[in-house]
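*Asks:* model this:
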Amino acid sequence: MAETYLDKVYTVRGDEETRALYDDWAGSYDAEVGGAGYATPGRVADALAGLVAEADRGRPLFDFGCGTGLGGAALAARGFTDIHGCDMSPGMLAEAGKRGIYADLTASDGTAPKSLGRFAFVTAIGVISAGAALAPLLPALFDAMAPGALLAFSYNGHTLEDAVYMDTLGALLDRPDATLEFSEDGPHLPDLDLPSRVMVIRKS
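*Replies:* Numbering: from 1, shown residues only. Have a look, this model is predicted:
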């Protein structure tokens, strides 16, 4: 059987190698992950929508590591209308732009923006994980947010077994300005028997 990008993604190291893999993958990404039943974007969108009144879903949302826009599409389907995205892969950004759902798309160096203060919601769907961004991105995104904002994100099954990621999450949840509003385990890539945990943290 031919090796797939899903086989490769957990072995890449460093920003340049990661960017190159996702650029090469961009054109076939949706088909490959969709073929494995990719469930996490819809689950994150459902979790966030469950905490946000319909009248508030027009407030600005920042989709960090938006990839081809699967997460943005799921969010738009649940009534979020002012969606902004970034990604470190130009190829992925080009695919996301074709969806017509992002107010703007910007290139990222893979680190958290210095300020996300104007955004009521920040998402990182399948981003902070083995095969993608390192564990410190989680508190860095949180620190860039304004009080009252919600951070919706996921950890895949590999990440849930990684002590560095879990310790980083635990340290964030121990902070007095962080409240875990939602946490649920469920399918990530069900056809590959890979789960994920979807979480939403509020900053106070």
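*Asks:* So, low pLDDT: which residues of the chain?
*Replies:* 1-3, 5, 7-14, 131 (pLDDT under 70).
*Asks:* so what strands line up beside the longest strand belonging to the chain?
*Replies:* Secondary structure of the chain read by DSSP state E shows that its longest strand is strand 178-189. In the sheet, strand 178-189 lines up against strand 194-203 (antiparallel) (DSSP bridges).
*Asks:* export stretch 148-160 as CSV, just CAs?
*Replies:* C-alpha atoms of stretch 148-160 as CSV (Å, rounded to 0.1, in the frame of the first residue of the first chain):
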residue,chain,number,x,y,z
GLY,A,148,-13.8,37.0,28.1
ALA,A,149,-12.6,35.4,24.9
LEU,A,150,-13.0,31.6,24.2
LEU,A,151,-10.3,29.3,22.9
ALA,A,152,-11.7,26.2,21.2
PHE,A,153,-9.1,23.5,20.2
SER,A,154,-8.4,19.8,20.0
TYR,A,155,-5.8,17.3,21.0
ASN,A,156,-5.6,14.2,18.9
GLY,A,157,-5.0,10.7,20.4
HIS,A,158,-1.2,10.9,19.9
THR,A,159,-1.2,14.2,21.7
LEU,A,160,-3.3,12.9,24.6
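*Asks:* So for that stretch, what gets flagged as buried?
*Replies:* Across stretch 148-160, burial judged by 16 or more other CB atoms under 10 Å covers 149-160. No exception for glycine: its C-beta is placed from N, CA and C like everyone else's.
*Asks:* hang on, the earlier thing: show me which residues of the longest strand of the chain are buried.
*Replies:* So, applying 16+ other CB under 10 Å, buried residues of strand 178-189: 178, 182, 187-189.
*Asks:* Can you tell me what sits against that strand?
*Replies:* 6, 33, 36-40, 43, 47, 50-51, 126, 142, 150, 152, 154, 156-157, 172-173, 194-204 (CB atoms under 8 Å, 6 or more residues apart in numbering).
*Asks:* related to what we said a few turns ago, output the buried residues of strand 178-189 in JSON lines; the columns should cover distance to G27.
*Replies:* Shown next, in JSON lines, are the buried residues of strand 178-189 (distance: CB to CB, whole Å):
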{"residue": "A178", "distance to G27": "38"}
{"residue": "F182", "distance to G27": "33"}
{"residue": "P187", "distance to G27": "25"}
{"residue": "H188", "distance to G27": "22"}
{"residue": "L189", "distance to G27": "19"}
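*Asks:* Tell me the secondary structure at R59.
*Replies:* coil (DSSP: H, G, I helix; E, B strand; the rest coil).
*Asks:* Contacts only, for the residue nearest to it when sequence neighbours are not counted.
*Replies:* The shortest distance from R59 to any non-neighbouring residue, by CB to CB, 6 or more residues apart in numbering, is to A120 (3.8 Å). Counting by CB under 8 Å, 6+ apart, A120 makes contact with 56, 59-61, 148-150.
*Asks:* Kindly indicate which of those lies nearest G97.
*Replies:* Using CB to CB, L61 is the member of the contacts of A120 that lies nearest G97, at 16.8 Å.
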